[in-house]
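In: Here is a sequence with its predicted model. Questions after.
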Amino acid sequence: MELIRPGLNIDFIGKRKAAFMVSALLILLSLGSLAFKGLNFGIDFTGGTLVEVKFDVAPKIADVRAAISPGGYGNAIIQEFGAPEEILIRVQNDDAEKSSNISTAILDALSETFTADAVEMRRVEFVGPQVGEELTEAGIMAVLIAMLAILVYVTFRFQFRFALGADAALLHDITIVLGLFALTGKEFTLPVIAALLTVIGYSLNDTIVVFDRIRENFEANRKRKTPEDETSVVNSSLNQTLARTLMTSITTLLVVLALFFLGGEVIHDFAFALIAGILIGTYSSIYVASPVMMSLAGHFKTDEDEMKELEARP
Amino acid sequence: MHSFPRWKIWLILTVLVVSMMASLPNVSTVPSWWPSSLSNPMSLGLDLKGGIHLVLDVDVDKAVEHSVEEDIDTARQSLRKEKIRYRKLAAEAQTLSITIKNDTDIAAAETLLAEIFPSYNMAPAAANIIALTLKEDVAKETREFAVDQAIEVIRGRIDALGTTEPVIVKQGKRRILVQIPGYEDTAHAKDLIGRTAQLEFKLVDEKGDLEKALNGRIPAGDIIMYGPEQSRGTQKSYRQPYLLKKRTELSGNEIADARVSIDSRFNEYAVTLKFNSKGSRRFDKLTEAHVGERFAIVLEGVVNSAPVIRERISGGTAQITGSFSPAEARDLAIVLRAGALPAPVKVVEERSIGPSLGQDSIDQGMNSIIIGMILVLIFMAVYYRLFGLVANIALAFNMLLILAAMSMIGGTLTLPGMAGIVLTIGMAVDANVLIFERIREELHLGKTPLAAIDGGYDKAFSTIVDANITTLIAAIVLFQFGSGPVKGFAVTLSVGILASMFTAITVTRAVVAMSHSKSGRIEKLSI
C-alpha cells in the first residue's frame, strides 16, 4: 500500500507565501486569545486545592456547593469530571497558614451532608503558593532550555539557518498549542508542560528528517554538472520525505487518540495537547521549517568551504 | 547483500533472553536461584497504587532560633557562676545580646563568653552590650541537622501507622517528601506528621502574682502560658492562665517511652511517660526540691495540666491526662514516643490518590497501551505487508525491553509513565518507517531488492540517530525540570526511544537478513 505515489512533486516552497499567511493568522489568533482570554492555569501554577470525589449517586452541583458553603468554600469551582458521579472541587489558597487543611474540611463537610459511605475520596491535590511559583519557573525554564539545547544541536549537525528554521517551527507549534488551550479554556497543568516538551521533540524529529534529506540532496546537487536551484532541491526533498512524515504522524496519532479516548480524565488534557501538537508539528515541519530556512539563505556565512566542512561532520 | 554478522545475532538473542528474564518478576514469582539483579519487578507509582504524597517544608530558621534561645540558659548560668552581673539577656534570630551591668566586668565577661561560645562571633562591646552572632557554618549545620532529625522523627511516627514501605526522603535543602502507599486518611496523616510534639515541664511560679503579671508586670525569668480552650458557663471560650518559670526543667527529649493508659482516678484515657535515666534523675531531683509546688506539663505551647507535687517521684514515670478519646491518646503516645520535631513543618504540596482512582488509572492506562498497540500493529502490517510484520516483531521486542529496563533500573511506573509508553509505541515504528520508505525509493530507482535493502538501512541510519537524539534532548530536559509523575513520563519516553533504536535497526535487519538469505535471488520484496 502506498499513500504517496513516487515521483509526486508538490510545490511546497512555491506555496510558502500562502502558508506564511495561514501560520501568521493562526499565531495572531493564538496570541490574541492568550492576551485577552489567557490560560486557565491549574493549581500546579496558581497554588490551591483540588478535591476529586466520587458519589454513589450523581449529586446536584448546587447541593455540593451548599454542603461546603458553611465552611467558607461557597465560591469554589465545582464541576463534573468524566462522569456525573464524579465531582471536581477547586479552591484557591487562602492567606492563612491553614491552606493545607482545606481538603480535609471539604471532605468532612461532604461526608456530613451526604453520609460518609456515599462519598469516596478519589484524589486530593494541594499546591502551596511557594511551590506554585517554583513549578511555574521550572516549567518555563524547561521549555527554554529544551529549545536552546536543540538550537545548539541542530547548529552543530547542520547550519545556523537550519537551526533557526527548526526553532521557528517550534515556536510556531508551541504558540498555537498554547493558543488552543487559551481558546478552549482547557486547564493548563504540569502534564501539559510535559506534553509541550514532547511536542517540541516530535516536531523537531519531523523537521530533522526533512533537513537530513535536504542536506543529502544539496550535496548530491553540487556534484552535478548543471546544479538545480536550492528551491527545487528543497521541494523534492520535502516530497521524498512526505510519505514518511505522514506515516509517522498517523501511527503516533493512532496511539495518542487511544490515550485521549481510553486514558481517563486525568490525562485527557495531556492527550489533547499531544494531538494538537502532532497535527501542527506535521504541518510546520513541511510549511514552516524549510521555507524559513530557505528565506534565510545568504544571510549567514555559507560559502563552499564551510559547507564542505559541515558536511564532513558525522 | 552483505551477510549479517553472526555476533549481532548472538547479541540480539542475549538481549532477548536477559530482558525476558528481567520482565518475569512482573508477571509471576521467580525461583530463588534467579539472578538477583533480574528479580525485581517494576514498582507502581503512588498515582497507580493510591496513597498519600506530601511535601513538607521544615522551618529551619526556627531550629536555629531555638538553639540560640537555649544558649541563653547556658550564658545565664555561666555568668552567675563567675559572679558577673548582667542586666539583660536576649536572643533575636541568630544573635545573642547580653547587657552587662558594670563596665568593669566587661573584659571578664568577654573572655568568659568567648570561651563557652566558640560557635559564635563576638562583636566588640558597645554601651555595655555584648552581641554574639552564631557563625554561618554552624547555623547551616543546625539547619541541615534539623531536616535530618525531622526525617527521623516523622519516620518514627509513620512507622507507627503500620503501613508498608513508606518513603521519607529529603528533597532539596529544607523539604521532605513523604509517601505513604495504600493509606487513605490524609487528614490523620497530616495531623500526625505536622505536630511538633514539643513537650516541656516547667515549674509554676508560686510566689509570683498572676493578676499583676496579666496586667503586664511579669516577674523576671517568668512567662505566662495558657491552658486549653474551655467553655465555662456563659462565656464562649476561656483559657486558664498560668505564671510559669521560663526555664524548661525537663523536655520530651528525655522520654524513653510513651504508652496509652487508663487514668484510674477518673477512668479516662491517659498517656504514661517513662523517662530515660537522665530524665529520671532530673525528675527525681525536681520533685524532691519542690514538694508542695505545682509543675506544669506544656504540650505544644499549651499547658496541659499543672498538678501539685505531693512527694518525691523517683520511678521516672509521669502521666498526661486531659479527657482524651482513645484515638487522641494513641496519637499523642505515638508522637511523644517518636520525639519532638526540631522545627515546625508545614505541608506545601499534597497529591493523594484514593485506591479506586489508582486502579481505574491502571485499567485505563493498560487499555490505551493495548488498543494503541493493536492499531499500530494492524496499520503497519497493512501498509508494509511482510516488512510491516517485521516491524511489528521489533515493536513487541521494544515493549519487552522497556519492561525489562524499567524493572532492572528500579523504575517506578506512573500514569504519565504509561502515557510515555503509549507514545513510544507510535514513535518506535518511526525508525522502521524511515527505513522502509527508503527501501521503496531505492526500488523505484531500479535497484535490485537486496541492494535496496542495504541502501535503505544505510541511508536511513544517520537520519534515525539525528531524529531520536532531538527527542531524547527534550526527554532529558523534562527529567531534569519535571517533578514527580512528570519524571515518570520522561523516564519511559527515554527508555522507549533508546530501546527503539536497537530494535528498529538491529533486530529488524537481522530478521530481514535471515529471511532473505536462504531464498537465493529475490525478485520482489513484500513492502
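Out: Looks like it came in fine.
In: OK, contacts around the residue most central in space within chain A?
Out: What sits nearest the mean C-alpha location of chain A, by CA atoms, centre = their mean, is A:L196, with 3.2 Å. With CB atoms under 8 Å, 6 or more residues apart in numbering or on different chains as the criterion, the residues that contact A:L196 are A:143, A:174, A:177-178, A:273, A:277. Heads up, the C-betas are built off the backbone N, CA and C, glycines and all.
In: And it, its phi and psi?
Out: Note on A:L196: its backbone torsions stand at phi -60, psi -40 [degrees, to the nearest 10].
In: where exactly do the strands run in the stretch 151-300 of chain A?
Out: Ranges of strands within the stretch 151-300 of chain A are A:187-188, based on DSSP state E, counting those that start in this stretch.
In: In space, what's closest to A:L257 - neighbours in sequence excluded?
Out: Setting aside the residues directly before and after it, A:L257 is nearest to A:I275 in space (CB to CB, 6 or more residues apart in numbering or on different chains), at 6.9 Å.
In: what do you get for B:E82?
Out: Leaving aside its sequence neighbours, B:E82 sits nearest to B:L112 (CB to CB, 6+ apart; 5.7 Å).
In: Local confidence estimate at the one you found?
Out: The model reports B:L112 with a pLDDT of 87.
In: now do the one 10 residues further on
Out: Each residue has a pLDDT score; the one for B:M122 is 86.
In: Quick check: closest non-adjacent residue to the residue nearest to the spatial centre of chain B.
Out: Central residue of chain B (CA atoms, centre = their mean): B:L177, 2.1 Å from the mean position. Among residues not flanking B:L177 along the chain, B:Q171 sits closest, at 4.6 Å (CB to CB, 6+ apart).
In: Also A:K186?
Out: Once flanking residues are discounted, A:K186 sits nearest to A:D269: 5.2 Å by CB to CB, 6+ apart.
In: Hmm, A:V192 and the one you found touching each other?
Out: Yes: using CB atoms under 8 Å, A:D269 makes contact with A:V192 at a distance of 5.9 Å.
In: May I see the buried residues of stretch A:120-129?
Out: Within stretch A:120-129, the residues that count as buried by 16 or more other CB atoms under 10 Å in any protein chain shown are A:120-128.
In: how about the residues of the stretch 51-200 of chain A that lie near chain B?
Out: Applying CB under 8 Å from any CB of the partner chain, one finds that the stretch 51-200 of chain A approaches chain B through A:52, A:54, A:97, A:100-101, A:103-104, A:107-108, A:120-128, A:130-131, A:135, A:138-139, A:141-142, A:145-146, A:149-150, A:153-154, A:157, A:190-191, A:193-194, A:197-198, A:200.
In: Type out the PyMOL command that picks the buried ones from those residues.
Out: Listed next is the PyMOL selection for buried residues among those, using 16+ other CB under 10 Å:
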select buried, chain A and resi 52+54+100+101+103+104+107+120+121+122+123+124+125+126+127+128+131+135+138+139+142+145+146+149+150+153+154+157+190+191+193+194+197+198+200
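In: neighbours around B:M21, how many?
Out: 18 (other CB atoms under 10 Å in any protein chain shown).
In: what sits against the closest residue to it other than its chain neighbours?
Out: Take B:M21 and drop its neighbours on the chain: the residue closest to it by CB to CB, 6+ apart is B:L38, 4.8 Å away. Each residue near B:L38 by CB under 8 Å, 6+ apart is listed here: B:18, B:21-22, B:24-25, B:30, B:407-408.
In: A:F261: which of those is nearest?
Out: For these, the residue nearest A:F261 by CB to CB is B:S407; the value is 29.0 Å.
In: what sits against the closest one?
Out: Contacts of B:S407 by CB under 8 Å, 6+ apart are B:22-23, B:25-26, B:38, B:40-42.
In: try B:R312
Out: B:284, B:287-288, B:291.
In: Quick check: the farthest pair among these?
Out: Taking CB to CB as the measure, these span a maximum distance of 12.1 Å, between B:D284 and B:V291.
In: When the two are compared, which one has more neighbours?
Out: B:D284 (16 against 12).
In: re earlier: which one of the contacts of B:L38 sits closest to chain A?
Out: B:S407 (22.6 Å; CB to the nearest CB).
In: Looks to me like that closest one is in a helix.
Out: Yes: under DSSP: H, G, I helix; E, B strand; the rest coil, B:S407 sits within a helix.
In: leaving aside the residues next to it on the chain, what's closest to it?
Out: Closest to B:S407 by CB to CB, 6+ apart is B:M42, at 4.7 Å.
In: What does the pLDDT read for that neighbour?
Out: So, for B:M42, pLDDT stands at 87.
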